[in-house]
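Novice: have a look at this prediction, sequence included:
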Amino acid sequence: MARFKRILLKLSGESLMGKQGFGIDPERLSDYAQQIKEVAEMGVQIGIVIGGGNIFRGLSGSQKGFDRVKGDQMGMCATVINSLALSSALGAIGVKNKVLTAIRMEPIGEFYTKWKAIEAMEQGQVCIFSAGTGSPYFTTDTGSSLRGIEIEADVMLKGTRVDGIYTADPEKDPTATKFNDITYKEVLARGLKVMDLTAICMCQDNNLPIYVFNMDIVGNLKKVMAGEEIGTLVHN
């Protein structure tokens with residue numbers, strides 16, 4: 001039995017770069033698609049939000065002279081490119097899926113509504129939510145929180161390149177220790193960079209737990225769904 005019935009999986013756009021340093025690494029994309037297929041075959045209803053940092057990041061664009069709103073809109077388009085790539089990879093291995101966009105861009109994807117998404121997931125399709133919230137000044141982390149709450153997910157699974165939340169950045173501080181679970185209040189009090197403040201507060205206010213784990217290790221998504229404690233749970 002799967003640990004959760006309906007999940008919102010948040011994937012990092014930057015992780016899609018794999019070893020390339022830019023764009024989409026076909027091997028990493030294929031690994032992600034295979035892991036998602038394994039969980040779909042467990043009967044789990046899956047919604048996915050994927051970032052766009054491997055292509056363009058609105059906030060960093062605004063620091064280089066781009067208008068912030070236009071920069072964020074470019075970032076939304078980047079998430080659509082990644083969503084289409086993941087959709088294609090899933091389709092290639094027989095996983096039915098649907099790309100839903102926060103801004104109208106048919107026929108690239110269907111315009112998102114909560115009811116359309118839930119109906120598709122209940123029919124066994126993986127739903128990929130792209131273009132963030134559709135509004136500037138919101139990150140894809142906040143987009144994930146919003147979609148997770150809307151689709152009434154049991155949990156947000158945040159797939160990263162580290163195996164959970166630590167007292168400090170484990171890539172920079174060798175003395176950093178890992179939390180098995182932590183409350184939202186403690187995350188905020190310690191200033192831990194799990195997600196941005198808006199996203200964390202939304203999850204806290206709407207009681208959506210977050211599970212942070214390393215998605216880059218093949219098989220980890222299935223382990224999380226099977227109940228193995230390989231990451232960090234954030235909860236009220």
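Specialist: Arrived safely, thanks for sending.
Novice: output the lowest mean pLDDT helix or strand found in this structure.
Specialist: Every helix and strand in the chain was compared by mean pLDDT, DSSP states H and E; the lowest is helix 58-63, with a mean of 70.
Novice: ranges for the helices of the protein?
Specialist: 26-40, 58-63, 68-92, 114-122, 140-150, 184-190, 197-205, 220-225 (DSSP state H).
Novice: tell me the most buried of these?
Specialist: For the helices of the chain, the largest average neighbour count (mean count of other CB atoms under 10 Å) is found in helix 140-150, namely a mean of 26. (Each C-beta comes from the backbone N, C-alpha and C, glycine too.)
Novice: what's in contact with it?
Specialist: Helix 140-150 is contacted by residues 8, 10, 13, 47, 49-52, 75, 79, 102, 114, 117, 129, 132-133, 155-156, 158, 195-196, 198-200, 202-203, 206, 208 when judged by CB atoms under 8 Å, 6 or more residues apart in numbering.
Novice: and what of stretch 66-79?
Specialist: Against stretch 66-79 from outside (CB under 8 Å, 6+ apart): 13, 49-59, 61-62, 102-103, 130-132, 134, 136-138, 140.
Novice: list only buried entries from those.
Specialist: The neighbour-count test (16 or more other CB atoms under 10 Å) marks 13, 49-58, 61-62, 102-103, 130-132, 134, 136, 138, 140 as buried among the contacts of stretch 66-79.
Novice: mind checking how far Gln73 is from Leu100?
Specialist: 18 Å (CB to CB, to the nearest Å).
Novice: for the protein, give me the ranges with low pLDDT.
Specialist: Where the chain drops to pLDDT under 70, the residues are 58-59, 61.
Novice: now with 80?
Specialist: Low-confidence segments of the chain, defined by pLDDT under 80, span residues 57-64.
Novice: how many residues are close by Thr177?
Specialist: 9 (other CB atoms under 10 Å).
Novice: which ones are touching it?
Specialist: Tyr166, Thr167.
Novice: from Ala120, how far off is it?
Specialist: Going from Thr177 to Ala120 by CB to CB gives 41 Å.
Novice: kindly report the same for Phe129.
Specialist: 11 Å.
Novice: surely Thr133 touches Ile103?
Specialist: No - Thr133 lies out of contact with Ile103 (CB atoms under 8 Å); the separation is 9.6 Å.
Novice: give me the common contacts of the two.
Specialist: With CB under 8 Å, 6+ apart, Thr133 and Ile103 have no common neighbours.
Novice: distance between stretch 213-226 and the chain's centre?
Specialist: 14 Å (CA atoms, centre = their mean, to the nearest Å).
Novice: what's across from Leu9 in the sheet?
Specialist: Ile48, Leu157 (DSSP bridges).
Novice: residues in contact with it?
Specialist: Here Leu9 is in contact with Ile36, Ile46, Gly47, Ile48, Val49, Met156, Leu157, Gly159, Leu221 (CB under 8 Å, 6+ apart).
Novice: nearest residue to the second one other than its sequence neighbours?
Specialist: For Ile46, the nearest residue in space outside its immediate sequence neighbours is Val126; the separation is 4.7 Å by CB to CB, 6 or more residues apart in numbering.
Novice: check the last one too.
Specialist: Once its chain neighbours are removed from consideration, Leu221 has its nearest residue in Gln35; the separation is 4.2 Å (CB to CB, 6+ apart).
Novice: same check on the fifth one?
Specialist: With sequence-adjacent residues excluded and distances taken as CB to CB, 6+ apart, Val49 is closest to Ser144, at 4.2 Å.
Novice: distance check, that neighbour against Leu197.
Specialist: Distance from Ser144 to Leu197, by CB to CB: 14 Å.
Novice: done for today, thanks.
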